[in-house]
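**Student:** What follows is a protein structure lacking sequence information:
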């Protein structure tokens with residue numbers, strides 16, 4: 001018989017109740033395989049500003065005139081060769097961490113998008129409430145002077161729920177929520193449903209495996225918050241995807257454009273998306289630019305998108321921002 005007081009069984013089997021929250025706050029949870037950052041932050045701000053100024057110098061004169069997707073691609077190409085760094089954001093207490101000299105897949109796409117917004121002199125303004133998501137037809141932004149400080153502000157607004165840093169669970173961990181918040185803010189529009197099919201996406205991976213997350217294994221209150229977020233994401237159905245078979249069809253692959261944000265489905269139960277990249281037409285075929293775990297740096301992927309996407313993808317397009 002399962003122990004009803006085991007916190008991992010509780011997360012798998014019990015519904016949300018006051019008793020659950022109280023019990024979890026009282027139970028110790030032991031970490032087994034945690035994602036603690038090993039990022040070297042020595043002189044980090046100075047490194048960041050130097051890279052920001054290099055990219056700004058290369059692109060600032062044409063940034064205003066370029067369509068947003070094209071500018072994002074130009075930024076991404078400026079970042080080729082940036083070293084891959086996993087779990088660079090994991091710190092206690094939770095705080096905004098900005099790295100321009102190291103990255104992972106989602107941070108690379110986030111940086112490229114926020115850098116493009118910054119070079120256009122635009123600041124993200126939160127249009128949602130963190131609960132109800134919508135597909136806003138126009139960007140929720142305001143004019144601002146391009147600067148490294150503006151870049152950091154845009155990253156905060158893209159990375160955290162409603163742009164507010166308030167503990168580990170305030171950071172957006174599931175890429176599906178990242179897409180939903182940025183659609184609500186009018187920064188992008190997911191168009192997977194126009195090309196793909198419905199699939200049964202569920203969210204539970206983080207609460208089912210708290211021992212693999214340092215913050216969840218040491219703070220049951222954060223675990224509770226993550227579980228509630230998962231339940232909320234489970235109510236946002238339907239979710240759609242484009243299969244690898246569909247991507248091989250000319251009528252589908254030709255609808256994807258350079259600068260689109262590609263999110264690759266995860267094969268793990270309860271986890272939505274495993275990788276993020278920027279679509280890039282290269283040598284007459286649709287490839288992508290990404291922070292590659294295998295190459296350990298930002299590269300133009302040599303494999304065509306249809307050959308790489310074994311589990312299927314979701315696809316989003318950036319809104320026009322002048």
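**Tutor:** That came in fine, so what should we check first? Source: prediction; values computed, not measured.
**Student:** which other residues reach the top strand by length along the chain?
**Tutor:** If you go by DSSP state E, the chain has its longest strand at strand 273-282. Contact partners of strand 273-282, identified using Cβ atoms under 8 Å, 6 or more residues apart in numbering, comprise 72-73, 76, 105-106, 108-109, 112, 174-176, 256-268, 286-290, 300-301, 305, 311, 314-315. For the C-beta atoms, the positions are set from N, CA and C on the backbone; glycine is no exception.
**Student:** From those residues, which land in helices?
**Tutor:** Among the contacts of strand 273-282, the members found in helices (DSSP state H) are 72-73, 76, 105-106, 108-109, 112, 175-176, 305.
**Student:** Sketch out the strands for the protein, chain order is fine.
**Tutor:** 122-124, 141-143, 188-190, 197-199, 239-241, 261-265, 273-282, 285-292, 297-300, 313-318.
**Student:** for the ones you listed, which one sits closest to residue 208?
**Tutor:** Across the strands of the chain, residue 208 has its closest neighbour in strand 273-282 (15.9 Å, Cβ to Cβ).
**Student:** between the strands of the chain, which gets nearest to residue 251?
**Tutor:** strand 285-292 (13.2 Å).
**Student:** neighbouring strands for that closest one, and are they parallel or not?
**Tutor:** Strand 285-292 has its sheet partners listed here by DSSP bridges as strand 273-282 (antiparallel), strand 297-300 (antiparallel).
**Student:** what comes up buried for the first one?
**Tutor:** Counting neighbours by 16 or more other Cβ atoms under 10 Å, one finds that the buried residues in strand 273-282 are 273, 275-280.
**Student:** Now residue 102, what are its backbone angles?
**Tutor:** phi -160, psi 150 (degrees, to the nearest 10).
**Student:** and it, what does it touch?
**Tutor:** Taking Cβ under 8 Å, 6+ apart as the test, what residue 102 contacts is 39, 82-85, 88.
**Student:** do the same with residue 147
**Tutor:** Residue 147 neighbours (Cβ under 8 Å, 6+ apart): residue 118.
**Student:** And the pLDDT at it?
**Tutor:** At residue 147, the pLDDT value in this model is 98.
**Student:** now it: how far from residue 294?
**Tutor:** Per Cβ to Cβ, to the nearest Å, residue 147 is found 35 Å from residue 294.
**Student:** Also residue 38?
**Tutor:** 19 Å.
**Student:** Residue 189: neighbour count?
**Tutor:** Residue 189 is flanked by 15 other residues according to other Cβ atoms under 10 Å.
**Student:** What of residue 134?
**Tutor:** A count of neighbours around residue 134, defined by other Cβ under 10 Å, yields 12.
**Student:** Distance check, the closest residue to it other than its chain neighbours against residue 162.
**Tutor:** Spatial nearest neighbour of residue 134, chain neighbours left out: residue 184 (5.2 Å); criterion: Cβ to Cβ, 6 or more residues apart in numbering. For residue 184, the distance to residue 162 equals 10 Å [Cβ to Cβ].
**Student:** Settle it for me: which of those two has more neighbours?
**Tutor:** Neighbour count, other Cβ under 10 Å: between residue 184 and residue 162, residue 184 has more, with 20 against 17.
**Student:** Run through the protein and note the low-pLDDT ranges.
**Tutor:** Counting by pLDDT under 70, the chain contains low-confidence residues at 1-35.
**Student:** Which other helices and strands does the top helix by length along it contact?
**Tutor:** Assignment by DSSP H gives helix 44-63 as the longest helix of the chain. Packing contacts for helix 44-63, counted by 3 or more Cβ pairs under 8 Å, 6 or more residues apart in numbering; DSSP states H and E, involve helix 68-78, helix 105-119, helix 148-159.
**Student:** ok and the first one relative to strand 261-265, angle-wise?
**Tutor:** Looking back up the chat, that one is helix 68-78. On the basis of axes from the mean of the first three to the mean of the last three Cα atoms, to 10 degrees, helix 68-78 is oriented at 70 degrees to strand 261-265.
**Student:** which other helices and strands contact helix 68-78?
**Tutor:** Using 3+ Cβ pairs under 8 Å, 6+ apart, helix 68-78 sits against helix 44-63, helix 105-119, strand 273-282, strand 285-292, strand 313-318.
**Student:** Comparing the ones you listed, which comes out most buried?
**Tutor:** Among these, ranked by average contacts under mean count of other Cβ atoms under 10 Å, first place goes to helix 105-119 (a mean of 25).
**Student:** report the angle between the axes of it and helix 68-78?
**Tutor:** Going by the same axes, to 10 degrees, helix 105-119 makes 120 degrees with helix 68-78.
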